[in-house]
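Engineer: for reference, the sequence and a predicted model appear below.
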Amino acid sequence: MNELQRILQAFENSQQTGKRAVLATVVRTSGAVYRRPGARMLLTEDGEMFGAISGGCLESDILERSHSLLSNNAHPILVRYDTTSSDDIVFGFGLGCNGIVDVLIESLNHDSAVSQLSLMRDCLQSQQIIAIATIFSVENVSDIKVGDRIMMKSDTTIINQIVNKDVAQTIAKDLGKILIEKQTLVQSYTLSSGKIDVLLEVISSPVPLLIFGAGYDAIPVVQFAKQLGWHVTVIDRRSEYLTCDRFPQADRLLHCKPEHPETYEHLLTPQTVAVVMTHRYVSDLAFLKTLIPSGLRYLGVLGPKRRMQQLWQDLAGHDITPNQQLYNPIGLDIGAETPEEIALSIVAEIQAVLGGRSGGFLRDRIGSIHSPTKPSCLELVS
């Protein structure tokens, strides 16, 4: 279960039990910081914390500042943490991060925050992507409030909480763009009377992972993938291997003969990642006939290069030629030997591909270790 899923589960529990809670969201950063815009943390009235917005240095202060929101449902507040000072006077123990973090804290008794988490929960369950715009700073604009939101589903359905129609329309257009680009954006809108700052972010559905082969070495792959919150389907021709006792964490167990792709073709989307590890040549060949042309986000095949070369020769008879989207030998080069180590290397390689990275050492990376968050400014006459 990943961080957002834990937060949503804690939110659901708080709604059912009536326990007061607040949501803290990183909305803007500058310099070297631990978490990026969009990181969230849910805190309950009895001090429970779900998720994190830093490496552990800001959470206790966030809890202290949340008391007023927990006790009387006060309006959302924006807190700035500036760790660029050499003596770090905010915390007194020298974080040395040299960054600035703006955090929006909201009561979960407010409709805006509740509707946001409710939509996230519904869309993650239905495997949809959504875009959310959160206003976190308002200067001299009377009809817009901190915490106001516009949310857009993948079918472009809009849920609007902003009264100013011109502003709402402009932000909605930008939400449509980031739904396509799938990149978080911090946007400043300059109006005739003042300015607002908005976090625009995309909330993606869990990564759909298909594992072709239910051997013993598939078990740790499922376990690692579920730790990341991925949606995992295990597919095999042997029904006796597809049991809940064997794969208790898998979301779906699918009995399928390799020569009948109609059983699983509906699961093949541009967002799908797949691993072929049947340990049976004819099964691998049959699955790859369907998987390679389907345009998956990632396709990995277990086995040595010489075996894959023979597979390519046989696939050529079906007009299927090598492409860069197939990874073989599968996994990162971490010296893996055991099933658990191999599973770690496989899941790490998939994550590297999803993140657009090479999977090298961070110490050798030039520039920031984080993907950039684009700040921008737009003038809007209203």
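Structural biologist: Received, thanks.
Engineer: and stretch 2-21, which residues are buried?
Structural biologist: 4, 7-8, 10-11, 14, 20-21 (16 or more other C-beta atoms under 10 Å). (Glycine included, C-beta is placed from N, CA and C.)
Engineer: can you tell me the strand partners of the helix or strand Leu104 falls within and which way each runs?
Structural biologist: Assigned by DSSP states H and E, Leu104 belongs to strand 99-107. Listed by DSSP bridges, the sheet partners of strand 99-107 and their directions read strand 21-31 (antiparallel), strand 77-82 (antiparallel).
Engineer: need the winner for burial among those.
Structural biologist: Looking across the strands paired with strand 99-107 with neighbours counted as mean count of other C-beta atoms under 10 Å, the highest average goes to strand 21-31: a mean of 23.
Engineer: how far out from the middle of the chain is that strand?
Structural biologist: Centroid displacement of strand 21-31 relative to its chain, using C-alpha atoms, centre = their mean, to the nearest Å, is 16 Å.
Engineer: what is the helix or strand that comes right after it packed up against?
Structural biologist: As assigned by DSSP H and E, the chain's next helix or strand after strand 21-31 is strand 40-44. Strand 40-44 sits against helix 3-17, strand 21-31, strand 49-51, helix 59-65, with contacts defined as 3 or more C-beta pairs under 8 Å, 6 or more residues apart in numbering; DSSP states H and E.
Engineer: what's the mean pLDDT across the first one?
Structural biologist: Right, the one you point to is helix 3-17. Here helix 3-17 scores 90 as its mean pLDDT.
Engineer: check the last one too.
Structural biologist: Mean per-residue pLDDT for helix 59-65: 86.
Engineer: low-confidence bits of the stretch 251-382 of the chain, can you list those?
Structural biologist: The stretch 251-382 of the chain contains residues with pLDDT under 70 at 369-382.
Engineer: quick one: the helices in it, in order.
Structural biologist: 281-291, 305-316, 339-354 (DSSP state H, counting those that start in this stretch).
Engineer: save these as CSV, and put in distance to Lys195 and mean neighbour count too.
Structural biologist: Formatted as CSV, the helices of the stretch 251-382 of the chain follow (distance: least, C-beta to C-beta, whole Å; neighbours: other C-beta atoms under 10 Å):
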stretch, distance to Lys195, mean neighbour count
helix 281-291, 50, 19
helix 305-316, 56, 14
helix 339-354, 35, 19
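Engineer: closest one to Leu70 among these?
Structural biologist: Leu70 lies closest to helix 339-354 among the helices of the stretch 251-382 of the chain, at 35.8 Å (C-beta to C-beta).
Engineer: which strands and helices lie in contact with that closest one?
Structural biologist: helix 218-227, strand 273-276, strand 298-301.
Engineer: give me whichever of these is most buried.
Structural biologist: Of all these, strand 273-276 has the most neighbours on average by mean count of other C-beta under 10 Å, namely a mean of 24.
Engineer: helices or strands up against that one?
Structural biologist: strand 208-212, helix 281-291, strand 298-301, helix 339-354.
Engineer: which is the next helix or strand following the strand holding Leu104?
Structural biologist: Following strand 99-107 toward the C-terminus (DSSP H and E): helix 111-125.
Engineer: quick check: angle from that next one to strand 21-31?
Structural biologist: Angle, helix 111-125 to strand 21-31, by axes from the mean of the first three to the mean of the last three C-alpha atoms, to 10 degrees: 80 degrees.
Engineer: quick one: contacts of helix 111-125?
Structural biologist: Applying C-beta atoms under 8 Å, 6 or more residues apart in numbering, the set of residues contacting helix 111-125 from outside is 4-5, 7-8, 11-12, 15, 23, 76, 106-108, 129-130, 132, 134, 147-149, 151, 153-154, 159, 161, 203, 205-206.
Engineer: before we move on, what about stretch 316-330?
Structural biologist: Counting by C-beta under 8 Å, 6+ apart, 275, 277, 288-289, 292-293, 295-296, 298-305, 308, 312, 315, 345-346, 349, 353 sit against stretch 316-330.
Engineer: would you mark the buried spots in that stretch?
Structural biologist: 320, 326-328, 330.
Engineer: what is the nearest of those to Ser192?
Structural biologist: Distances from Ser192 to the buried residues of stretch 316-330, taken by C-beta to C-beta, are shortest for Tyr327, at 53.2 Å.
Engineer: which parts of the stretch 151-300 of the chain are strands?
Structural biologist: 158-160, 185-190, 195-203, 208-212, 231-236, 252-255, 273-276, 298-301 (DSSP state E, counting those that start in this stretch).
Engineer: measure Gly360 to Leu332 for me?
Structural biologist: From Gly360 across to Leu332, the span is 9 Å (C-beta to C-beta, to the nearest Å).
Engineer: same drill for those two, tell me which one is more crowded.
Structural biologist: The residue with more neighbours, out of Gly360 and Leu332, is Leu332; 19 against 11, by other C-beta atoms under 10 Å.
Engineer: and that one, what does it touch?
Structural biologist: By C-beta under 8 Å, 6+ apart, the residues touching Leu332 are 345, 348-349, 352, 359.
Engineer: measure it to Ile350 for me?
Structural biologist: Per C-beta to C-beta, Leu332 is found 10 Å from Ile350.
Engineer: can you pull the contacts of the nearest residue to Leu228 once chain neighbours are set aside?
Structural biologist: Spatial nearest neighbour of Leu228, chain neighbours left out: Asn2 (5.7 Å); criterion: C-beta to C-beta, 6 or more residues apart in numbering. Each residue near Asn2 by C-beta under 8 Å, 6+ apart is listed here: 206, 227-229.
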